[in-house]
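In: Kindly generate the corresponding structure for this input.
(4 chains)
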There are 4 protein chains.
Amino acid sequence: MHDKIRIGVLGASGYTGADLVRLAARHPHVEIAALTANTHAGKEMGAVFPHLAILDLPRLKAWEEVDWSELDAVFCGLPHGTTQEITAAVLSANPKARIIDMSADFRLRDASVYAEWYGHEHQAPALQEEAVYGLTEHYRALIKDARLIACPGCYPTAVLMALLPLVRQNMIDARDLIIDAKSGVTGAGRGLKQNTLFAEAGEGLSPYSVGKHRHAPEIEQEIGVAAGMPVTVNFTPHLIPMSRGELVTCYVRLGEGVTAGDLRQRLVEDYASEPFVHVLPEGGVPQTQNVRGSNYVQIGVFPDRIPGRALVIAAIDNLVKGSAGQALQNMNVAFGLEEGEGLLQLALFP
Amino acid sequence: MHDKIRIGVLGASGYTGADLVRLAARHPHVEIAALTANTHAGKEMGAVFPHLAILDLPRLKAWEEVDWSELDAVFCGLPHGTTQEITAAVLSANPKARIIDMSADFRLRDASVYAEWYGHEHQAPALQEEAVYGLTEHYRALIKDARLIACPGCYPTAVLMALLPLVRQNMIDARDLIIDAKSGVTGAGRGLKQNTLFAEAGEGLSPYSVGKHRHAPEIEQEIGVAAGMPVTVNFTPHLIPMSRGELVTCYVRLGEGVTAGDLRQRLVEDYASEPFVHVLPEGGVPQTQNVRGSNYVQIGVFPDRIPGRALVIAAIDNLVKGSAGQALQNMNVAFGLEEGEGLLQLALFP
Amino acid sequence: MHDKIRIGVLGASGYTGADLVRLAARHPHVEIAALTANTHAGKEMGAVFPHLAILDLPRLKAWEEVDWSELDAVFCGLPHGTTQEITAAVLSANPKARIIDMSADFRLRDASVYAEWYGHEHQAPALQEEAVYGLTEHYRALIKDARLIACPGCYPTAVLMALLPLVRQNMIDARDLIIDAKSGVTGAGRGLKQNTLFAEAGEGLSPYSVGKHRHAPEIEQEIGVAAGMPVTVNFTPHLIPMSRGELVTCYVRLGEGVTAGDLRQRLVEDYASEPFVHVLPEGGVPQTQNVRGSNYVQIGVFPDRIPGRALVIAAIDNLVKGSAGQALQNMNVAFGLEEGEGLLQLALFP
Amino acid sequence: MHDKIRIGVLGASGYTGADLVRLAARHPHVEIAALTANTHAGKEMGAVFPHLAILDLPRLKAWEEVDWSELDAVFCGLPHGTTQEITAAVLSANPKARIIDMSADFRLRDASVYAEWYGHEHQAPALQEEAVYGLTEHYRALIKDARLIACPGCYPTAVLMALLPLVRQNMIDARDLIIDAKSGVTGAGRGLKQNTLFAEAGEGLSPYSVGKHRHAPEIEQEIGVAAGMPVTVNFTPHLIPMSRGELVTCYVRLGEGVTAGDLRQRLVEDYASEPFVHVLPEGGVPQTQNVRGSNYVQIGVFPDRIPGRALVIAAIDNLVKGSAGQALQNMNVAFGLEEGEGLLQLALFP
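Out: Numbers count the residues shown, from 1 in each chain, chains lettered A, B, ... in the order given. As a prediction, this is how the structure comes out:
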C-alpha cells in the first residue's frame, strides 16, 4: 500500500486545474496539499468553483507561498509561458518532486520552434532537454522515470492517439494529413473573451486560428518523430457550441496496398491492452458524448469514397484525456500505481 | 467485507436505467448480474448506450427471462404503470430480494390518489402498504429494512429536501406553497417526443403540465405527512434547454416571528451530518451546474422583499439524486454499506 | 409618404443597439444616420457585429462627435447611468429630436427610488418629469407626443403586458404577486462577465439577484399606478441557458368571484386590436421559441390547483419586444407611422 | 405592380415548409393559398407550428384536396421520394404552374444515380429531363423560364457556392476535394429520431453517414459539370449541437501558380453583384451565427500551411439559403420580381 502522494495544483482557478482537483479529490492515493491561483490567493477553492465547495481543500495561495518540499508531485495548469521559470524554482527547492505540466511550456522539443510559435525565448532550455512528452500510451516507459512530464495539448492528444501507430508503420502518408478538428468552448479556458460568451458561441460554429494554431507544430513534431522526417500538416480547428469534447476528423492517404480495415486492425492490436482506448468496431462512430467527463478515447476508421484514402476519427474530453485526466494518468505511471486509479469514471451521458 | 451485491436493472434502455448502470458499474460492492429492456432484448448494452460499450455487461434480455433467485436487489426503471405486477412476480420468486423502484408505481400511499392521477387502478395494493418512500435522508430508518423502496420523483426529491424540515417544525405555512420548478430535458425520458427534439427544446423555454403534473400529489402527500394535514400546493414545472439538472424555487410564507435566517439555520442543523446535502451560506445561490452528474443537493434560502415571506431554492441532478443516485444510496442503506459508497463523484463542471 | 426618419443609435456595440440596427436597417421609413460606440469609435459596425457587415452603415463614432441637428430620433442603448446627461445635451442641441431611451435612466418616476436602486443621484430630474414610460400598448397616447420616451426594461415589459389589465380592473390582488422570471443570457449584455461565458452558463440554471433586481421597483411602480396604491412584489429572475427569450410566470391571487377564465377574457378583450399581443386560447402554453427574434408577446392564463389563485404567463424576446423592437414601435407611434412598420418579422423557429 | 402570386406549400408541417411560410407570409407579392400536410390534414397551421399561429393562413389539407388550378407556384417540402408523382399530377392539372421542389427528387440529372442513392427507380424521368437545378446564382438564366426547379440540398448549396467559380476556372483540382461539413440538427428534419433528441444531440458532436451521404453524388454532379469530367469527392458531414446553420470547410489543391488570394479574388469578382453572397475580406472567418435565419452566404478563403493547398469555407443557414430561402429566391427569379424581395431580413444574432 502506498502512502498518499502529496500533490500541488498550480493554476487551480482555471478549468484544467479545477478538473484535476475534481478527479484528484477522489483518487484513493492522493492528498491535495496545495492549490495556487495568484489572482485569487486567499480565497477558498469553493468560492472560485462552487461545485467543489463541499470538499475540504487547502485555501488558494500564491505560488510563491508554496512549500515545495512537502509535495511529491506538482501539477501545473498555468497560462502558457509562465511554467518554465516556476518549474526551475520547484525543482531547485525539491529535486525529488515530479512536475506534471499541463501547459505548452515543455511540449516542443526544439526551443526555436517554441520561440517561433509562442513569441518569446524558452526560459528553461536545459529542463526542456529533460522533459518527456506525456502522451501516456506512447511514452509510458519514459514517463515512469521522468522528473518533468510535458502533457500534450488536447488536440495533439486526440490526433496522435489516432495516427501515431499508423504513421509508425508507414501505413499512411505523413506528408498528406488533413486534420479537421472541433472543440467545445472550454478549450479556450476560463478567461474572459467575447467569442466565448454564451450569446456569441451558442447556436453557431466557426473555424478559428486557421493556419496558425499552436497545436500544429506539436502535432507535426510527434508525427515527424514517428515518420522519421519533418512533416507539415493541415490542422484546422473549429469552435463548437458545447462545453466539453473534442473530435478530430483526420483525412489520410493510404500507403500502397493498405486498406481502411488494415488501419483499424493496426489500432485494435496496438491498443489491445490499453484501459482508456476504445477502437470502435467497423462502422462505429466516435461521439464526444460517449467520452464526456471521462478519460476514454474513442477511435473510428472509415474508408473514403476517394480510392486510396481513409478517415481516422477520434473523440476525447478535452479537459480529461486532453488535459487533467491524462496528467493524473501520468502521475499514476510515474508513481507506480495502477494506471486507471482514480480515472475510471464512465462518461456522463446524457 | 461484503460479498458483492448482485443487482438487476429493469428498464436499462432508459436514461435512469443507464445512469444507474454508469454508477453501479463502478460501485465496489456491486455486480451487475442482469439488465432488461424488452424492446432491445438480445442486444448489447453498448449498442443502446455507446458510452457504456467499454464495460463488460450482461446482454439485455426481456424481464421475463430473468432468474430472480440470483439477484439480491432489483432496480426498476420501467415506465410508470408496469412495475406493480413485476414487483409482485419478483418477490414471489425471490422473497429475499430488495426492490428499489425508480418509477412512480409505489410512491403514492393512497391507492385512490394513484388511480386518479395515473388513470388506472393500482395493481398491487398490498405491496403498496409495505412500500417505503425512499427519500433517503428522511426515511433512512425505514429504508434499512424495507423490502420495497419507492424512490421519489425527481421534483419531489428537490422540493422535499428543501421544505420537509421547515414544514415539520411549522416554520412555514404548508397551505401556501408556490413551487416554480425547472428541469432539463432528460426528465422527459428517452422516448421519442416532438417537444424534446433538439430543434424544439433548444434555445427556448416554456412551462408544461400546468396544474396537472403527477409530481404534485406526491409532493402534497409528503408535505401533508410532515404538516399533519392535507395540503394543496402550486407546482409548476418548466422545460429548460439543458440535458440534466433541476431547480425548484419555493415561495413560502413564514410562520409568526420566523425569519429566512431561521429557515437556513434549521436546514443547516438538520442536514449537518448528511454527506450529500449542502446548505449554502447566506447569499449562496444554488446552481444546477454545481451538482451536474452528482448525487449532491444544493439548498439556498433568501428573504423575500414581501414581508413575512421567503424563498427556499434547491438544485439537484434529476437523473442522479433525482433518480439513479438516490436509488443506489437507498441500496447502500438497505444493505448496510457506507451511504456514499459509489456515489461520491463530484459534479462535472463545466 | 413620409420622408425617411433620420435616426442615431447610441451604444451600437451592445446587443440592444445591434438589434435596433438589425431592424431599423430594413424599416422602409428609417435612415440610419449615426452610430456611436465610444470604445469602438472609428471602426466599421461590421467589425463589431459581423452579421451586419453586409449593410452600408455609417462608421462608429464617439457620441461627442454626433451632429444632433441632423437627427430626427435618437435611440439610446447605453449603459445605465450615462444617458441622463447625454439626453440633456441632445435636446439642448436639437429640441425637436425625439429621444427613445432603452436604458433604465428615465424609467423610474421618483428620483429618490432611482437613487436608491442605481446608487447615484438622478442627473436630469427635470427631464425625468417629462419622460413617458414607453410600454407602447399602455401608454400609446402619451408616447405620440413625447419628446423623451423611457422604454421599459425587458422583464417589466413581459410582466406588465400580462398583469396591467388585470390589476387595473382589480381582478387580482396587487399586494400578492409572485413573479418567477426566466431570461436568456443576452439579458446580461455583451460585457465580459464570467457567469455569461458559454462554459459557465451552458447546461445549467440558477436564480440571480434574488430580492434585489433593479426591475423590481420598475414593476412595482407601474403595478402601483394601476392599482392606485404602493405595492411590493416578489420578483425572482433566473438565468437560462439560451441566448434570447424571456418568460415570466406570475402567480396571482384572484379577486372575489373572479376566475382564471375571467382573466383570460379580460386580456383577450383589452388586447383585441393589438398587432403584437397574442393571448393564447385556453390551455395554450407560452413558449419563448414562439416569439424568438420577433416583437410579439404570448400570454397564457391557467387556473391554479390552489383555490382562489391563478397563473398568468408571458413570453417575449428580451432584445426585441423587451428592448429594440419596442423602441422602434414607439418611434412608429411617435412619428405617426403604422405601428407594425418594420416589425412584422415572424419568430425564427426553430 | 404584380398581382399576388398564389402559392401552395406541400409538406407544410416540416421545418423547411414552415420556414417557407415564415418568409412567404411577409413577402409583399405572395399569397399563401394552400398548405398541405397529410398527417395533419384539417388542423390549423398554428396548431402544428405555434409561432405561426398569429397568421391568417388556410387550414392544412391533404395534397389530394388541393385545387392546383388556383395556384401559380407550388413549393414542395415533402419527404424524398414522394414528389415525383405529385409533380406530374400538378403539372397535368395545371400546366402553367411553376414547381419549386425543395426535396431531392429532381436534383440528380442521371436517373440511374438517383436509383442507386435513393433505393428506387425514378418515377418521373421525363420531368427529370426538364428540371433545372435551382442554385440561383449559377443557374439564374435557366430558372427564369423553368417549369420545374429542383432546389439544391443544403450542403451542396454551401459547397457549390464556395467552389463552383474556382472549379470552372480550373483554379483548384476537382479530383482532390475534401469537404468537412457541419450542420445543425434541423438538417435532420422534424421527424422523431433518437439521435436528434435534445439529450442525445446536445453537448456533443459526431460525424454521420461517413462515406454514404446522399448529398455527395449531388455535389459530384455539379462539380463534375463545372470541371467537365466525372469527379469523386470526400464529403463528411458532422452533427453539431445547434438548431440552424451549416458550415463547409473545403480543403482544396491549388492549380499551378494559383494562390489562395487568387481564389478569393475570383470569388469576389464572380459574386460582385450578388445580393446574398458575402465573400469576406482576407482573414475574415465565416460563422453560421452571422447568417442565422437569413438567406446570406459567407465565404472565406485561407492559405494552407501545406504548400499548394488552400481552404475555402462557407456558412449558410441550412433552412433558408439551404432550402426555403433559396426556393423563394428562385420564385422571385421565375416570376420576374426583384430577387431579394421578401428575403432581405438580416441574420438574427445573437
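
In: Stretch A:258-273: which residues count as buried?
Out: Buried positions in stretch A:258-273, judged by neighbour count with 16 or more other CB atoms under 10 Å in any protein chain shown: A:258, A:260, A:262, A:263, A:264, A:266, A:267, A:268, A:270, A:271. Bear in mind the C-beta positions are built from the backbone N, C-alpha and C, glycine included.

In: Mind checking if stretch A:208-227 is in reach of chain D?
Out: Yes. Counting by CB under 8 Å from any CB of the partner chain, chain D is contacted by stretch A:208-227 at A:208, A:210, A:211, A:216.

In: Closest to chain D out of the residues you listed?
Out: Nearest to chain D out of these is residue A:210 (CB to the nearest CB; 4.5 Å).

In: what about the closest one, neighbour count?
Out: 23 (other CB atoms under 10 Å in any protein chain shown).

In: how about the strands in the stretch 101-250 of chain A?
Out: Ranges of strands within the stretch 101-250 of chain A are A:132-133, A:148-150, A:172-183, A:206-207, A:234-239, A:246-254, based on DSSP state E, counting those that start in this stretch.

In: Of those strands, flag the one that's most buried.
Out: Mean neighbours per residue, mean count of other CB atoms under 10 Å in any protein chain shown, is largest over the strands of the stretch 101-250 of chain A for strand A:148-150, with a mean of 27.

In: partners of it, with directions?
Out: Next to strand A:148-150 in the sheet, as set by DSSP bridges, lie strand A:98-101 (parallel), strand A:132-133 (parallel).

In: export those to JSON lines and tack on mean pLDDT?
Out: Shown next, in JSON lines, are the strands paired with strand A:148-150 (pLDDT from 0 to 100):
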{"stretch": "strand A:98-101", "mean pLDDT": "98"}
{"stretch": "strand A:132-133", "mean pLDDT": "98"}
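
In: For residue C:15, state which of the residues of stretch A:208-227 next to chain D is nearest.
Out: residue A:208 (21.7 Å; CB to CB).

In: Can you report how many residues lie near that closest one?
Out: Counted with other CB under 10 Å, the neighbours of residue A:208 add up to 17.

In: can you pull the contacts of residue A:148?
Out: Under the criterion of CB atoms under 8 Å, 6 or more residues apart in numbering or on different chains, the contact list for residue A:148 reads A:87, A:91, A:98, A:99, A:101, A:106, A:127, A:130, A:131, A:132.

In: For the first one, which residues are in contact?
Out: In other words, residue A:87. Residue A:87 sits next to A:76, A:99, A:101, A:105, A:106, A:124, A:127, A:148 when contact means CB under 8 Å, 6+ apart.

In: If we use 6 Å, what do you get?
Out: A:99, A:127 (CB atoms under 6 Å, 6 or more residues apart in numbering or on different chains).

In: can you confirm it is in a strand?
Out: No. Counting by DSSP: H, G, I helix; E, B strand; the rest coil, residue A:87 is not part of a strand but helix.

In: Kindly state the pLDDT recorded for it?
Out: On the pLDDT scale, residue A:87 is placed at 95.

In: Domain ranges for chain A, per the record?
Out: Annotated domains of chain A cover A:5-130, A:155-318 [automatic domain parsing].
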